[in-house]
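**Student:** Provided below are the primary sequence and the corresponding predicted coordinates.
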Number of protein chains: 2
Amino acid sequence: MKLNERHLMQLAAVLDAGGVSEGAAMLGLTQPAVSRSLAMLEARVGEPLFIKGRRPLQATALGGQLAVQGRAIISASRRASDVVQGFVRGTTGQVRVGGVPFFIDAMISRMIGEFLNLEPGITVQQAYMNLPELAAGLEAHQIDLGIVPIGALELGSRFVFTEILPGRNIVACRPGHPLMRKRPLEAGDLTRYPWVAPLPGSPLMSDLQMILMSIGMSDLNIRYSGGSLMSVVHVLAETDALAVLPFSVVFAQRQDNRIVVLPYDIPQPNRSLGILRLTTAARNPAVERFSGYIISAFDDLKHVIRRHERSVIWGAGPESES
Amino acid sequence: MKLNERHLMQLAAVLDAGGVSEGAAMLGLTQPAVSRSLAMLEARVGEPLFIKGRRPLQATALGGQLAVQGRAIISASRRASDVVQGFVRGTTGQVRVGGVPFFIDAMISRMIGEFLNLEPGITVQQAYMNLPELAAGLEAHQIDLGIVPIGALELGSRFVFTEILPGRNIVACRPGHPLMRKRPLEAGDLTRYPWVAPLPGSPLMSDLQMILMSIGMSDLNIRYSGGSLMSVVHVLAETDALAVLPFSVVFAQRQDNRIVVLPYDIPQPNRSLGILRLTTAARNPAVERFSGYIISAFDDLKHVIRRHERSVIWGAGPESES
DNA sequence: CGCACAGTATAGCACTATGGCATGAAGCTG
DNA sequence: CAGCTTCATGCCATAGTGCTATACTGTGCG
């Protein structure tokens, strides 16, 4: 006994409106059209759905039960329309973000919070991942965008990369660290202190290797590894340990004054932090709003970051941009 | 942006099945039909719903969200079909019963319990009401059937009445009541004891008036009134009070041995207990199952009741039916 | 690289359902 | 009983739906 969903909707509308004419008007149809639909439904069911000759129109037990389902269909249909509306306007939907842990924790999660306030209809689903999983996730359409440091042209043309910050690394330590007062700083100084290693697999890990090579040491005294950003900051603040961190991460912590930049020049990776997306991705206004918000937020921050960078590393005051 | 519900259902089926062909088969349609429906939906939405060239077929964010609504529509439609199936078979639905309190409490509620066990898909909604409200409720289609004592042809042809028991009244008292040992019993004896009056408006109330007239008294010493059957039985059992009750009510309490029939002949009302229904009521198999069950249950009980009636009132032992 | 295969889209055609307009039928009200 | 409101019916146009046949596209294999 397959029933026509359209008929069920009309039944519900008519019962809710209290009459065929009213129900038809509510649906934007004419009375005869609805009247005939109901007759068809009644014929297919083989049982009366209405108690005849009553105002307002009254349903039989069966009619009432079917109307419940009709209402469910109507509301599902309305929700579907709302989904589409929200989608084209970018005011509804889901943004699935993947990103490297420290950068997400230091800067992006804060912006996500602001974004969620601006766009109450959008939900953000975030996962921690490094470049290989991220590229795979994008290709499998499991995430919509990734926030990663990436070298120019590192990936094929299937991806489009939007830079949001230069990927500048520094060595971080607690304020008042003994090395902060030592001039000049030499490579050997760095190896005399314990180190905090970043998460395995993260870009920072290979950066650390690069630094090791540049100062001609085979290994460091790594006393702590595997922690999230918050854990790393705590460890740095409580000990004399050192860590390689993106400058932006230290920047984000500037208010707390728990970690500072050690003014020692380390080799810089040739890459930028940015947003990675599929070239072929389906249009998704919610995702576009999100990435647009992140990019503009960093545009606003960029000169502040750069000025801060110079001042904390080289002790230089504010100066005019080149 | 009004979407076609049928399209949404097909979208859901296709995504659940993992392909157009499979989804079409699941719906009992051909692949081209579904393919075209999806193309129409996509055209109306104006956004891609699928990620092309992937097996199993993968939806875009929008496609997935719309499929959720499609699934809701499918399940509502399935429930509607189930409702109809259950209705025509009488295995599902609602039975709205109105009835006089004492009789419902004494006999019908027990049978409702048995019926609910037999028909797990049917729900019974019961209300206490006497004849006038009951007739009005039937005409307003607020109840499906009433269980009342009613005189032959008392109502018009708009109602059909099915007798289930003769409406025989008796005077009830506790076992060991002083009057149980007194022979002969005379009308004056009855007035020397307190009385329990039935619920105002109930048929028993007018029966009580009739008895008063027959024994030539203007009023009785009414000590308790307004109680439900359980309360009345308790009061009768704990005091020497008397009450007019239908014989069937006393019969139903026979196991508890808390009230008995006083062997005093009182004038009998010219009516029967039975089921009252509208002549014009829409067919409702669940209601029919219910009334059928009640009638057959009383058919089974009838000869037991009659035998018991004779024995408890006249002290006669079991005898062959006439 | 091309072939076979599976799966999907398109074309063409027939038919049903749906909707509108005009109009008839029925029930309630004064 | 007249008039009003409301529902049912007849008729026509058209959009949706379904089918078969066929073209297209991506995938895996030799």
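**Tutor:** Cool, got the structure. Small disclaimer: the values here were computed from a predicted structure and weren't measured. Residues are numbered from 1 along each chain as shown, chains lettered A, B, ... in the order given.

**Student:** near DNA strand D at all, stretch A:10-27?
**Tutor:** Yes: legend: contact between stretch A:10-27 and DNA strand D by CB under 7 Å from any atom of the strand is shown at A:19, A:20, A:21, A:22. Glycine gets a C-beta too; all of them are placed from N, C-alpha and C.

**Student:** just stretch A:75-82 next, same as before
**Tutor:** No: using CB under 7 Å from any atom of the strand, stretch A:75-82 never reaches DNA strand D; the gap is at least 12.8 Å.

**Student:** buried stuff in that stretch?
**Tutor:** Across stretch A:75-82, burial judged by 16 or more other CB atoms under 10 Å in any protein chain shown covers A:75, A:76, A:77, A:80, A:81.

**Student:** tell me where chain A has helices.
**Tutor:** A:5-17, A:20-27, A:31-45, A:61-89, A:101-103, A:109-118, A:131-139, A:178-181, A:187-191, A:203-214, A:229-238, A:247-252, A:285-314 (DSSP state H).

**Student:** so which of these is nearest residue B:100?
**Tutor:** helix A:61-89 (23.4 Å; CB to CB).

**Student:** show me the contacts for the spatially most central residue of chain A.
**Tutor:** The centre of chain A sits closest to residue A:97, judged by CA atoms, centre = their mean, with a distance of 3.8 Å. By CB atoms under 8 Å, 6 or more residues apart in numbering or on different chains, residue A:97 lies in contact with A:108, A:112, A:124, A:125, A:126, A:127, A:143, A:144, A:145, A:146, A:147, A:290.

**Student:** looking at those, spot the one nearest residue B:212.
**Tutor:** Nearest to residue B:212 among the contacts of residue A:97 is residue A:125, at 80.0 Å by CB to CB.

**Student:** not counting sequence-adjacent ones, nearest residue to that closest one?
**Tutor:** Distances taken as CB to CB, 6 or more residues apart in numbering or on different chains put residue A:96 closest to residue A:125, at 4.7 Å, once the chain neighbours are dropped.

**Student:** give the contact list for the one you found.
**Tutor:** For residue A:96, the contacting residues are A:124, A:125, A:126, A:127, A:142, A:143, A:144, A:145, by CB under 8 Å, 6+ apart.

**Student:** ok, residue A:63 touching residue A:57?
**Tutor:** No: taking contacts as CB atoms under 8 Å, residue A:63 lies outside contact range of residue A:57: 9.4 Å.

**Student:** touching both of the two, which residues are there?
**Tutor:** Common neighbours of residue A:63 and residue A:57, counting by CB under 8 Å, 6+ apart, are A:15, A:50.

**Student:** those two: which is more packed in?
**Tutor:** residue A:63 (25 against 20; other CB atoms under 10 Å in any protein chain shown).

**Student:** for that one, give me its contacts.
**Tutor:** A:11, A:15, A:48, A:49, A:50.

**Student:** leaving out the residues flanking it, which one is nearest to the second one?
**Tutor:** Meaning residue A:15. Once flanking residues are discounted, residue A:15 sits nearest to residue A:67: 4.7 Å by CB to CB, 6+ apart.

**Student:** what about that neighbour, neighbour count?
**Tutor:** 23.

**Student:** then residue A:215?
**Tutor:** A count of neighbours around residue A:215, defined by other CB under 10 Å, yields 16.
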